[in-house]
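Participant: sequence and predicted model, in that order:
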Amino acid sequence: MNIQALNPTIPWNKGKLCGQKAPLKPRDIWAIRTRLQLAGKIRDLALFNLAIDSKLRGCDLVALRVLDIAHGDTVQPRAVVLQQKTQRPVQFEITQQTRQALTAWIRTAHLGQGDYLFKSRSNPERHLSTRQYARLIKCWTAQIGLDTTAYGTHSLRRTKPTIIYRQTKNLRAVQLLLGHTKLESTVRYLGVEVEDALAISEGIEV
């Protein structure tokens with residue numbers, strides 16, 4: 001029986017963690033990466049690294065094909081993807097360690113140019129689902145002792161932009177990297193508060 005129906009004054013989100021999922025901290029990134037490397041999780045390492053670098057939404061990340069990030073046997077340092085949500089292209093960098101992880105995975109899985117980078121294990125003709133991706137993130141975060149309810153697919157999308165913003169305070173750059181059409185969307189997405197704005201202002205003398 002629905003308790004809220006019996007007592008409509010009970011908030012629908014009582015006892016649930018709501019709001020944006022937290023980004024990973026640099027130490028969390030390295031902890032997860034190290035565990036995946038030691039466990040020989042070649043696919044998971046490639047997926048994790050690419051998720052951090054690409055800053056893509058989960059639906060765009062899991063739908064990537066080999067040809068989206070590689071020419072022949074060479075993974076490119078940059079890629080451009082058309083976002084499903086906005087139908088606008090977004091460009092992202094692929095760092096050396098991510099290129100190495102992707103190359104190892106493509107060779108291990110014997111993937112062709114037209115293949116999905118991360119195939120569904122239950123149906124090789126389809127790509128990994130966003131639900132399966134979310135389960136992997138829950139597993140990764142649990143393994144390093146994080147509260148899994150605080151993290152989700154958007155955690156990986158937010159991680160690098162948050163680090164970039166904290167180090168540079170350059171909202172416009174983060175907006176471009178995330179593929180947002182409006183700067184206000186980036187401000188909300190990063191959770192930029194008045195304290196951040198004041199800290200920036202205090203550091204500038206005119």
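Facilitator: Yep, it's here. Treat the numbers as computed from the prediction; the structure is a model and nothing was measured.

Participant: could the C-alpha coordinates of stretch 166-173 be exported in CSV?
Facilitator: Included here for stretch 166-173 are C-alpha records, laid out as CSV according to Å, rounded to 0.1, in the frame of the first residue of the first chain:
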residue,chain,number,x,y,z
ARG,A,166,37.4,24.8,-9.7
GLN,A,167,40.9,25.3,-11.2
THR,A,168,40.1,28.0,-13.9
LYS,A,169,36.7,29.5,-12.9
ASN,A,170,36.1,29.6,-16.7
LEU,A,171,32.4,28.9,-17.1
ARG,A,172,32.4,29.6,-20.9
ALA,A,173,35.0,26.8,-21.4
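
Participant: list the buried ones in that stretch?
Facilitator: Across stretch 166-173, burial judged by 16 or more other CB atoms under 10 Å covers residue 171. From N, CA and C alone the C-beta is placed, and that goes for glycine too.

Participant: and for stretch 87-105?
Facilitator: By neighbour count, and taking 16+ other CB under 10 Å as the criterion, the buried residues in stretch 87-105 are 90, 92, 94, 98, 99, 101, 102, 105.

Participant: now that stretch: average pLDDT?
Facilitator: Per-residue pLDDT over stretch 87-105 has a mean of 94.

Participant: other residues contacting it?
Facilitator: Taking CB atoms under 8 Å, 6 or more residues apart in numbering as the criterion, the residues outside stretch 87-105 that touch it are 42-43, 45-46, 49-50, 52-56, 69-70, 73, 75-83, 111, 117, 177-179, 181.

Participant: again, only this time at 6 Å
Facilitator: Residues outside stretch 87-105 that contact it (CB atoms under 6 Å, 6 or more residues apart in numbering): 42-43, 45-46, 49-50, 53-55, 75, 77-78, 80-83, 179.
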